[in-house]
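In: please find the sequence and the predicted model below.
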Amino acid sequence: MIRLVALLLFLPMFAQAQTLTPAGRIVLNLDLEGFGGLSGVEIAPDGSFLAVSDQGWFVEGDITRTDVEIRGAIIAPVRPILDSKGRPLTGHNTNAESLAVGPDGSFYIAFEGNHRIMRHATTTSAGEFLPKHQDFRTLQSNSGLEALAINADGIILSIPERSGKETRPFPVYRFDGTEWSQAASIPRDGPFLVTGADFGPDGRFYVLERAFKLPAGFSARIRRFTYVNDTLTDEETLLVARTNPRDNMEGISVWADENGQTRLTLVSDDNFNPLLRTVIAEYLVNN
């Protein structure tokens, strides 16, 4: 059964540049078993969405809009992400951190803890393991592959949450369908750590980052890069936002709606902690 969720509308986060126009921000308050911990999201042109949680669930729903702004959402009961044998994930295998959709419509999920990327033909299919880059073995247990994105050619890019040192760039790993390589890197600047990424309809690479500092709480940043021939250039900072102290932005989807308008949608991870919130924030991308 689909549940209609009552939502509160909050002021949008501050957009740092004219590239982004705020298009609404909502908080999801609901009592639905398994709901929460949203850490990766993909939005379809009709506004429906699929998200993954860090307790091993798929979350599906539809975002409702009035004119250009989001106003609410309809959320379906969650369903388990399945392992390679078709069983629900358990234990340290459940921590899904990012989601991407391939050109063939299949779903790719990056996990931390047991660092890996899995492919699912559908949300009810068993997962298939992708090969691992040797560097994945050295990732910190709670700072694994946070960002995952797939371009129109099927090239997968993934970035870990941390780079190992504050002065060391974030490595960007590339999977060509056969093997991994470190294709590029992006500068690590200030307190921000990588939490998500996506390729937009414009072919550019968008990276979501988060910082946390007491007593202010969380802040978010979005950077955009041109990706050509395994290089990332033309860095732009699209957003620097001091979010609500309880809003831990982790998922990003850059997509075109049915009118051709490019939208950027963020989701926050409440970590199943009552002190944090599940938030959806949306922006129009002005190219």
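Out: Nice, I can see it.
In: for the residue nearest in space to the middle of the chain, give its distance to Ser163.
Out: Residue closest to the average C-alpha location in the chain (C-alpha atoms, centre = their mean): Gly251, at 2.5 Å. Going from Gly251 to Ser163 by C-beta to C-beta, to the nearest Å gives 21 Å. Placement of C-beta: from N, CA and C, glycine included.
In: now do the contacts for the residue nearest to the centre of the chain.
Out: Counting by C-beta atoms under 8 Å, 6 or more residues apart in numbering, Gly251 touches 38-41, 51, 98-99, 195-196, 208, 266-269.
In: closest one of the residues you listed to Ile186?
Out: Distance to Ile186 across the contacts of Gly251 (C-beta to C-beta) is lowest for Leu208, with 12.1 Å.
In: whatever helix or strand that closest one lives in pairs with which strands?
Out: Assigned by DSSP states H and E, Leu208 falls within strand 205-213. Here strand 205-213 is paired, per DSSP bridges, with strand 193-199 (antiparallel), strand 217-228 (antiparallel).
In: so what's Phe212 up against?
Out: 191, 218-219, 248.
In: list just the nearest of these to Ser141.
Out: Once C-beta to C-beta is applied, the member of these that ends up nearest Ser141 is Asn248, at 18.4 Å.
In: so the closest one is in contact with Asn271, correct?
Out: Yes. With contacts counted by C-beta atoms under 8 Å, Asn248 reaches Asn271, the gap being 6.9 Å.
In: enumerate every residue touching the residue lying closest to Asn142 once chain neighbours are set aside.
Out: Ranked by C-beta to C-beta, 6 or more residues apart in numbering and with sequence neighbours excluded, the top spatial neighbour of Asn142 is Glu112, at 6.6 Å. With contacts defined as C-beta under 8 Å, 6+ apart, the neighbours of Glu112 are 95, 97, 139, 141-146, 161.
In: where does pLDDT dip in this protein?
Out: For the chain, applying pLDDT under 70 flags the ranges 1-17, 243.
In: do that again at 50, thanks
Out: Applying pLDDT under 50 to the chain flags the ranges 1-16.
In: all the helices of it, residue numbers only.
Out: Applying DSSP state H to the chain gives no helices.
In: and stretch 185-198, end to end?
Out: End-to-end distance for stretch 185-198: 15 Å, by C-alpha to C-alpha, to the nearest Å.
In: same deal with stretch 179-194?
Out: 23 Å.
In: how about stretch 88-101?
Out: Stretch 88-101: ends 20 Å apart by C-alpha to C-alpha.
In: stretch 85-102 now?
Out: 22 Å.
In: and what of stretch 227-247?
Out: By C-alpha to C-alpha, the extent of stretch 227-247 from end to end equals 29 Å.
In: for stretch 101-114, same thing?
Out: Start-to-end, stretch 101-114 (C-alpha to C-alpha) is 21 Å.
In: what residues of it count as buried?
Out: By neighbour count on 16 or more other C-beta atoms under 10 Å, the buried set for stretch 101-114 is 101, 107-113.
In: show me which of these is closest to Ile155.
Out: Using C-beta to C-beta, the buried residues of stretch 101-114 come closest to Ile155 at Tyr108, 11.8 Å.
In: partner residues bridging the closest one?
Out: Counting by DSSP bridges, Tyr108 is bridged to Ala100, Arg119.
In: so where do the strands sit in the stretch 151-287 of the chain?
Out: 156-160, 170-175, 180-186, 193-199, 205-213, 217-228, 231-241, 249-256, 262-268, 279-285 (DSSP state E, counting those that start in this stretch).
In: need the contact list for Met249.
Out: Met249 makes contacts with 195-196, 208, 210, 218, 220, 243, 266-269, 279, 281, as judged by C-beta under 8 Å, 6+ apart.
In: most neighbours, which of those residues?
Out: Ranked by neighbour count (other C-beta atoms under 10 Å), the contacts of Met249 have Gly196 at the top, with 30 neighbours.
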